[in-house]
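> sharing a model that was predicted from the sequence below.
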Amino acid sequence: MTSPSRSVVLAAGGTAGHVEPALNLAHSLAQVDSGIHITVLGGRRGLENILVPARGLPLQTFDAAPLPRTLSWSDVKRVAQVVRATWQARRLLRSQHPAVVVGFGGYVAAPVYLAAWSLSIPIVVHEANARPGIANRLGARLTRHVVTAAQPNLPNAQVLGIPLNPRISGLDRSMMRDSARAALGLPREGTVLLVFGGSQGAQRLNAAVLAALPGLTAAGVTVLHAVGRANPLPPPASGYHPVHYLDHMEQAYAAADLAVTRAGALTCAELTAVGLPAIYVPLPIGNGEQRLNALPVVQAGGGVLLDDAQCSGEALQAQVLDLVQTPGRLDQMGRAAHTSGHRDASAALAELVVSVMNH
């Protein structure tokens, strides 16, 4: 049996924004102490079922359920689902004997927080978004170990950033620039614009960049465009390099001078860590957290905001050309982005987790 003092459970599931930081933390914990036993608790249907085994980590799943936002009679069934999920999580935790549970929010985290609290297991809460979700608002009430990405938006929070893939957190863009461009088939000289909207792409961004393409390429801008796995691949053209998906984002970041993207918390963290300026087009859904994620970067001078509703080909072309044709502007923005980032977030969070384990 694994010693309780060397076991850590990570509660992460649903989306890559919850799972990837957990996996990056796992890497840092292994660097600190290879004897730490790490288990991921997740749901039965989320991306964790693909991402966690791919990293070689053990995954245990349960019938995770989101917390109800109200306590009306219509939510009685959901309350029952949360109770069942908490008891399942409790059984899994008792089998693992963890010294600490680290949660990353989302529907998986709340039952694990409640189960850990009921077993008197120390909890560490990590919140990536500028506006905390309901699970982490609950978790923050059950512990004094709370970490946030860019601003202290929960009680007892300390700002450490988001744990990143070491290939990105350790990236030297200037040193890797030439080799990255060669690997991606991009010209060695000139401005490269990176456009991406996540693994599934973003229809609004795709349409806008295609409409702006003639004006961009005529101005000497080369466009590297990740259209998303689910979308048809446009034909390549001079100055235009479409791909379904970028397997090595560190190469894309090193090759690019400017990015056009959504504003998920992980995306903002990666772009600021590597110092790549960006035009952020927040997805206008949920509680508006994407705009809030990008706002500190924009206020620091590391990016600009373009409203989704205004993201036309004409507007995107004008914004890109204004930035790339103003001497020194991209360099200035890159430095500002870098100063607002947190390259060492994974190591800092690992240090915190180990300190909780040892007390």
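Cool, the structure landed.

> what's the closest non-adjacent residue to residue 345?
Distances taken as C-beta to C-beta, 6 or more residues apart in numbering place residue 161 nearest to residue 345, at 3.1 Å, with adjacent residues excluded. All C-beta spots, glycine's among them, are computed from the backbone N, C-alpha and C.

> equivalent analysis for residue 94, please.
Nearest-residue entry for residue 94: residue 119, 6.8 Å, with adjacent residues in sequence omitted and distances by C-beta to C-beta, 6+ apart.

> ok, the one you found - contacts?
Shown in contact with residue 119 (C-beta atoms under 8 Å, 6 or more residues apart in numbering): 90, 93-94.

> out of these, who's the most crowded?
Using other C-beta atoms under 10 Å as the neighbour definition, these reach their maximum at residue 93, which records 23 neighbours.

> that residue belongs to a helix, doesn't it?
Yes. With DSSP: H, G, I helix; E, B strand; the rest coil as the criterion, residue 93 is located in a helix.

> next one: the closest residue to it other than its chain neighbours from residue 95, what distance?
What sits nearest to residue 93 in space, not counting adjacent residues and going by C-beta to C-beta, 6+ apart, is residue 115, at 5.4 Å. Using C-beta to C-beta, to the nearest Å, we find residue 115 at a distance of 12 Å from residue 95.

> tell me which of these two has more neighbours.
Looking at residue 115 and residue 95 with other C-beta under 10 Å, you find the greater number of neighbours at residue 115, namely 25 against 11.

> the residue nearest to residue 345 is in contact with residue 347, isn't it?
No. Distance between residue 161 and residue 347: 10.2 Å, which falls outside the contact criterion (C-beta atoms under 8 Å).

> sorry, back to before: what's the closest of the contacts of residue 119 to residue 18?
The shortest separation between residue 18 and any of the contacts of residue 119 is 18.5 Å, and it belongs to residue 93 (by C-beta to C-beta).

> how close does that closest one get to residue 10?
12 Å.

> I'd assumed residue 255 was in contact with residue 276.
No. Between residue 276 and residue 255 there is no contact under C-beta under 8 Å: 10.1 Å.

> which neighbours do the two share?
residue 194.

> what about the spatially most central residue of the chain, distance to residue 195?
In the chain, the C-alpha nearest the mean C-alpha coordinate belongs to residue 266, at 2.0 Å (C-alpha atoms, centre = their mean). The spacing between residue 266 and residue 195, counted by C-beta to C-beta, is 17 Å.

> cool, residue 202 as well?
Distance of residue 202 to residue 195, computed by C-beta to C-beta: 9 Å.

> one step back: do you know the pLDDT at the residue nearest to residue 345?
The pLDDT attached to residue 161 in the predicted structure is 96.

> residue 288 now?
Model confidence at residue 288, expressed as pLDDT, equals 84.

> do the same with the one 4 residues further on
Model confidence at residue 292, given as pLDDT, is 94.

> just residue 68 next, same as before
We note a pLDDT of 81 for residue 68 in this prediction.

> the residue nearest to residue 345: neighbouring residues, count only.
Residue 161: 25 surrounding residues under other C-beta under 10 Å.

> list the contacts for it?
Residues in contact with residue 161, defined by C-beta under 8 Å, 6+ apart, are 149-150, 269, 273, 341-345, 348.

> which of the residues you listed fall in helices?
Judged by DSSP state H, the contacts of residue 161 include 269, 273, 345, 348 as members of helices.
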